[in-house]
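> Build me a model:
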Amino acid sequence: LRMWQENLCKLNHAWEHMSRNLDPEVYDIACMQDLFLNSVNLANASNLRQFWDVIYPTDHHTMPGRSQTIMLINKRLSKNNWHIVPLKSPNVMAIELMGDFGKVHIYKIY
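Numbering: from 1, shown residues only. You can find the predicted model right below:
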């Protein structure tokens, strides 16, 4: 399992740089914090969706305030082998991975 983690300092050009350099042949999961969100409170991820599932905190669209973190899950990881762990925080999120190794939780905490 190969992971990329980055603080994007809420800068659009940092997001653009990350999206050009995040290689889906190298990384399985990417965890971003302090990301740039557009006017509808979403990451500009349309160019990433071919290779990545974009995961927001559980209540991203219903909680007031701004989410500080997202995860990108490589589409090569079968959706049968992972799921979102529901958490009620804009700053904490988790997924559970399942496989021959058993189960593991990966948390992204801002």
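> What helices and strands are in contact with the lowest-mean-pLDDT helix or strand in the chain?
Counting by mean pLDDT, DSSP states H and E, the chain has its least confident helix or strand at helix 12-21, which shows a mean of 90. Judged by 3 or more Cβ pairs under 8 Å, 6 or more residues apart in numbering; DSSP states H and E, the packing partners of helix 12-21 are strand 3-7, strand 29-33. Backbone N, C-alpha and C define where each C-beta goes, glycine included.
> what sits up against it?
4, 6, 8, 30, 32, 35, 36, 43, 44, 45, 47, 48 (Cβ atoms under 8 Å, 6 or more residues apart in numbering).
> One more: stretch 44-64?
12, 15, 19, 22, 24, 30, 36, 38, 41, 43, 67, 69-75, 79, 84, 86-93, 95.
> model confidence over it, on average?
Here stretch 44-64 scores 86 as its mean pLDDT.
> buried residues in that stretch?
By neighbour count with 16 or more other Cβ atoms under 10 Å, stretch 44-64 contains the buried residues 45, 48, 52, 53, 54, 55, 56, 57, 58, 60.
> Most widely separated two among these?
For the buried residues of stretch 44-64, the farthest-apart pair by Cβ to Cβ is 48 and 58; their separation is 20.4 Å.
> Under a three-state scheme, what state does the spatially most central residue of the chain occupy?
For the chain, the residue nearest the mean C-alpha position is residue 71 (0.9 Å; Cα atoms, centre = their mean). Secondary structure assignment for residue 71 (DSSP: H, G, I helix; E, B strand; the rest coil): strand.
> Distance-wise, check the closest residue to it other than its chain neighbours relative to residue 97.
Counting by Cβ to Cβ, 6 or more residues apart in numbering, residue 71 lies nearest to residue 55, which is 4.4 Å off, once chain neighbours are set aside. Per Cβ to Cβ, to the nearest Å, residue 55 is found 13 Å from residue 97.
> again, but for residue 57
Relative to residue 97, and taking Cβ to Cβ, residue 57 is found at 18 Å.
> Kindly report the same for residue 39.
Following Cβ to Cβ, the distance that separates residue 39 from residue 97 is 33 Å.
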